[in-house]
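Peer 1: sharing a model that was predicted from the sequence below.
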Amino acid sequence: MSELHKEVSALEAKSATAARLFDIRRIIGGLFVVYGIIVTIAGIMASDADLKKAQGININLWTGLAMLALGLFFLIWLKLRPVVPPTPPTPAE
């Protein structure tokens, strides 16, 4: 019986790790941060011709900063409220 209990607890630990790893907030936050950095750099490196096309607004810079803020929001949310996988019901003995 002890061996079965060890296997079940190991399986529950793996399940909890998988739930934390594949939390959608981590994926969305990470992608928004990465793309936000890329678009922000594109906005910083914008030429005068690019600014003229956008009527003087550095749209890449503002969009990149907004993407960074949204990505950081998701990652902070993940940190403040981590996923707690449901506990399976205990079998009656």
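Peer 2: Nice, thanks for sending it over. In this text the structure is predicted, and so the values were computed from the model without any measurement.
Peer 1: check contacts around Gly61.
Peer 2: Gly isn't right for residue 61; it's Leu. Leu61 makes contact with Thr40, Gly43, Ile44, Ala46, according to Cβ atoms under 8 Å, 6 or more residues apart in numbering. Yep, even glycine has a C-beta here, placed from its N, CA and C like the rest.
Peer 1: isn't Ile28 right up against Phe74?
Peer 2: Yes - using Cβ atoms under 8 Å, Ile28 is in contact with Phe74, at 5.2 Å.
Peer 1: neighbour count: those two, which is higher?
Peer 2: Phe74 (20 against 16; other Cβ atoms under 10 Å).
Peer 1: just the pLDDT for that one.
Peer 2: At Phe74, the pLDDT value in this model is 96.
Peer 1: circling back to that earlier point, and of the contacts of Leu61, the nearest to Trp62?
Peer 2: Nearest to Trp62 out of the contacts of Leu61 is Gly43 (Cβ to Cβ; 7.2 Å).
Peer 1: in this protein, which spans are helices?
Peer 2: 2-21, 24-44, 48-53, 59-80 (DSSP state H).
Peer 1: return the set of buried residues in the last one.
Peer 2: It refers to helix 59-80. Ile59, Asn60, Leu61, Thr63, Gly64, Met67, Leu68, Gly71, Phe74, Leu75, Leu78 (16 or more other Cβ atoms under 10 Å).
Peer 1: for the second one, same thing?
Peer 2: Of the residues in helix 24-44, those scored as buried under the neighbour-count criterion (16+ other Cβ under 10 Å) are Arg25, Arg26, Ile28, Gly29, Phe32, Val33, Gly36, Val39, Thr40, Ala42, Gly43.
Peer 1: ditto for the shortest one
Peer 2: Of the residues in helix 48-53, Leu51 count as buried by neighbour count, 16+ other Cβ under 10 Å.
Peer 1: what does that helix rub up against?
Peer 2: Contacts of helix 48-53 (Cβ under 8 Å, 6+ apart): Ile57, Asn58, Asn60.
Peer 1: can you tell me which of those residues is nearest Val84?
Peer 2: Asn60 (38.9 Å).
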